[in-house]
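Student: no sequence for this one, just the structure:
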């Protein structure tokens, strides 16, 4: 049965994912990587982070896996376009990785855990394929920390719908604060979390933040319409409000990101 992923087949959101890079989105994990390592990227999407990891560990191999076949195809095409040879992309389920035990030195899950209904099970599966002493990097937003100003009733409705969507899917948009607990429950020897805020208050930052929210709302709003939490007029009102906010000269937006490294025992 397919995972209940809120943004499945959301092309505008996937275009945003393609802007990610290892140097920004996996910067917390890069100090733990070195040449020759074998690395796994779970939930790799279009593969832009994966390709950066491959450059960091070359000539070591990096494997990216994802549930959506069209994203795997896009990742493979990007690898060819960019001439990255030490990478491969496979269709795979985070709960059942078709990979040998102890076959990787390091792994990454970028904004994956927040979309897993059973995060401990997913973490145990990654731990299975990591060697002794291997490392796993987790990066997830904590959506309950989202702040936007000026706030409006439609923005508040967007936040309510986003939280409701995660709850409906049986997933946790605030999983970042639980990284350490979940890693220890999954059998990792230790884990360390750091937090940072994404966003700010400049014309370019606010527009970029609004663009991300609008793309994410395509998936959240689709679910909200299907479940009749809102009607089409409500959907359109939220989109219009976000677009108007993006042009305000006084807009500010930020959210806490949680970045965690967990180690397998030796």
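Tutor: Now that the structure is in, tell me what you want to look at. Because the structure is a prediction, the values reported are computed rather than measured.

Student: C-alpha only now, for contacts and for neighbours.
Tutor: Will do.

Student: Quick one: low-confidence residue ranges for the protein.
Tutor: Along the chain, segments meeting pLDDT under 70 span 1-3.

Student: Quick check: closest non-adjacent residue to residue 194.
Tutor: Of all residues not flanking residue 194 in the chain, residue 259 sits nearest, at 5.4 Å (Cα to Cα, 6 or more residues apart in numbering).

Student: Okay, the one you found and residue 149: tell me how far apart.
Tutor: For residue 259, the distance to residue 149 equals 25 Å [Cα to Cα, to the nearest Å].

Student: Neighbour count: the two, which is higher?
Tutor: residue 259 (24 against 14; other Cα atoms under 10 Å).

Student: right, and the more buried one touches residue 25 too?
Tutor: No. Judged on Cα atoms under 8 Å, residue 259 makes no contact with residue 25 at a distance of 9.6 Å.

Student: What about the residue nearest to residue 213 when sequence neighbours are not counted, how many residues nearby?
Tutor: Once flanking residues are discounted, residue 213 sits nearest to residue 242: 7.7 Å by Cα to Cα, 6+ apart. Residue 242 is flanked by 20 other residues according to other Cα under 10 Å.

Student: Which residues are in contact with residue 242?
Tutor: With contact taken as Cα atoms under 8 Å, 6 or more residues apart in numbering, residue 242 is in contact with 155, 210, 213, 214.

Student: would you turn those residues into a markdown table with neighbour count?
Tutor: Converted to a markdown table, those look like this (neighbours: other Cα atoms under 10 Å):
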| residue | neighbour count |
| --- | --- |
| 155 | 19 |
| 210 | 20 |
| 213 | 17 |
| 214 | 20 |
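
Student: Nearest to residue 173, out of those residues: which one, please.
Tutor: Checking these against residue 173 with Cα to Cα, the nearest one is residue 213 at 14.5 Å.

Student: buried ones in the one helix or strand the closest one maps to?
Tutor: Assigning secondary structure by DSSP states H and E places residue 213 in helix 203-226. For helix 203-226, the buried set under the neighbour-count rule, 16 or more other Cα atoms under 10 Å, comprises 205-207, 209-224.

Student: any idea what sits nearest residue 97, other than its immediate chain neighbours?
Tutor: Using Cα to Cα, 6+ apart and skipping the chain neighbours, the partner closest in space to residue 97 is residue 125 (7.1 Å).

Student: hmm, back to that, what strand or helix carries the residue nearest to residue 213?
Tutor: Using DSSP H and E, residue 242 sits in helix 232-245.

Student: for the closest residue to residue 239 other than its chain neighbours, what are its contacts?
Tutor: Spatial nearest neighbour of residue 239, excluding adjacent residues (Cα to Cα, 6+ apart): residue 214 at 6.5 Å. Neighbouring residues of residue 214 by Cα under 8 Å, 6+ apart: 239, 242, 243.

Student: burial count for residue 71?
Tutor: Residues lying near residue 71 (other Cα under 10 Å) number 22.

Student: before we move on, back to that, and the residue nearest to residue 97, what does it touch?
Tutor: With Cα under 8 Å, 6+ apart, residue 125 has these contacts: 94, 95, 96, 97.

Student: Distance check, it against residue 29.
Tutor: Taken as Cα to Cα, the span from residue 125 to residue 29 is 19 Å.
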